[in-house]
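quick one, structure for this:
(one chain, ligands or ions: 2)
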Amino acid sequence: MLDVTALILADHATLRRGFAMLDDAHDDPAALAAVWKGLARMLDVHAACEEEVFYPHLLQVGDDDAEDETDDAVRDHNEIRDAVRAAEQHGVGTDEWRAAVKKARVENDDHLAEEEHDALPDFRRNAPDELRARLAVQWLEWRYAHDSGAGVDTGDKDPQQYIAEHS
Ligand SMILES: [Fe+2]
Ligand SMILES: [Fe+2]
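Ligands and ions are numbered 1, 2, ... in the order given. Now for the predicted structure:
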């Protein structure tokens, strides 16, 4: 059975591996730039895909904490997006760039852990198999259309407005 939560976990592994690859590329500006291009785009694409495909349904089927989990997630996505935008203001490999990337990594690590401890378990407990499979298909289709970064909303979202629009 396809399962949207498995696709989300697979992305999380890819994001963590991306930051580890930056460690490996530490002294090589061209390698840093190549790794960061893909990682920065994926941070944006992953957050936007969750906001399009996953969190609206968590709000519908999740337990009483679903609104708090969604509020936390949108806030975290905003922090990650802000750090990615900050990194874009500086040359790859500069101290300012490294500081922004470090911030993105810290925010992302905290956020992935929260999703894996709270939002994803809530969804697994409460979503019927049919929904997990249907959202996996939606996830794959959305990604096929947006993996290039085209049409991806990279702007910050107001968490309470987002929840109101999807509840
Ligand atoms: Fe997320
Ligand atoms: Fe995620």
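
contacts, neighbours, all on C-alpha from now
Noted.

in stretch 100-115, which residues are buried?
100-101, 103-105, 107-108, 111-112, 114-115 (16 or more other Cα atoms under 10 Å).

so what's the residue count around W139?
21 (other Cα atoms under 10 Å).

I'd say D3 and A133 touch.
Yes - the pair D3 / A133 is scored as a contact, 4.9 Å apart, by Cα atoms under 8 Å.

and the residue nearest the centre of this protein?
A47 (3.2 Å; Cα atoms, centre = their mean).

now that residue. Nearest residue, chain neighbours left out?
H77 (6.0 Å; Cα to Cα, 6 or more residues apart in numbering).

residues in contact with that neighbour?
For H77, the contacting residues are 47, 111, 156, by Cα atoms under 8 Å, 6 or more residues apart in numbering.

secondary structure and pLDDT added to those, as JSON lines?
As requested, the contacts of H77 are exported to JSON lines (DSSP: H, G, I helix; E, B strand; the rest coil; pLDDT from 0 to 100):
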{"residue": "A47", "secondary structure": "helix", "pLDDT": "98"}
{"residue": "H111", "secondary structure": "helix", "pLDDT": "98"}
{"residue": "D156", "secondary structure": "coil", "pLDDT": "96"}
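
of the residues you listed, closest to S148?
Closest approach to S148 among the contacts of H77 (Cα to Cα): A47, at 14.3 Å.

tell me how far the closest one lies from A145.
15 Å (Cα to Cα, to the nearest Å).

cool, and D129?
In terms of Cα to Cα, D129 sits 25 Å off from A145.

swap in E50?
14 Å.

what is the mean pLDDT for the longest helix along the chain?
Counting residues, the longest helix found in the chain (DSSP state H) is helix 66-88. For helix 66-88, mean pLDDT rounds to 98.

gap between it and the chain center?
Distance of helix 66-88 from its chain centroid, counting by Cα atoms, centre = their mean, to the nearest Å, is 8 Å.

send the alpha carbons of it over as PDB?
These are the backbone C-alpha positions of helix 66-88, laid out as PDB (Å, rounded to 0.1, in the frame of the first residue of the first chain):
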ATOM      1  CA  ALA A  66      -3.700  18.400  15.300                       C
ATOM      2  CA  GLU A  67      -4.200  22.200  15.300                       C
ATOM      3  CA  ASP A  68      -1.200  22.700  17.600                       C
ATOM      4  CA  GLU A  69       0.900  20.300  15.500                       C
ATOM      5  CA  THR A  70      -0.100  22.200  12.300                       C
ATOM      6  CA  ASP A  71       0.600  25.600  14.000                       C
ATOM      7  CA  ASP A  72       4.100  24.300  15.000                       C
ATOM      8  CA  ALA A  73       4.800  23.000  11.600                       C
ATOM      9  CA  VAL A  74       3.900  26.200   9.700                       C
ATOM     10  CA  ARG A  75       5.900  28.200  12.100                       C
ATOM     11  CA  ASP A  76       8.900  25.900  11.700                       C
ATOM     12  CA  HIS A  77       8.500  25.900   7.900                       C
ATOM     13  CA  ASN A  78       8.600  29.700   8.000                       C
ATOM     14  CA  GLU A  79      11.900  29.600  10.100                       C
ATOM     15  CA  ILE A  80      13.400  27.200   7.600                       C
ATOM     16  CA  ARG A  81      12.300  29.300   4.600                       C
ATOM     17  CA  ASP A  82      13.700  32.400   6.300                       C
ATOM     18  CA  ALA A  83      17.100  30.700   6.800                       C
ATOM     19  CA  VAL A  84      17.100  29.500   3.200                       C
ATOM     20  CA  ARG A  85      16.300  33.100   2.000                       C
ATOM     21  CA  ALA A  86      19.100  34.400   4.300                       C
ATOM     22  CA  ALA A  87      21.600  32.000   2.900                       C
ATOM     23  CA  GLU A  88      20.700  33.200  -0.600                       C
END
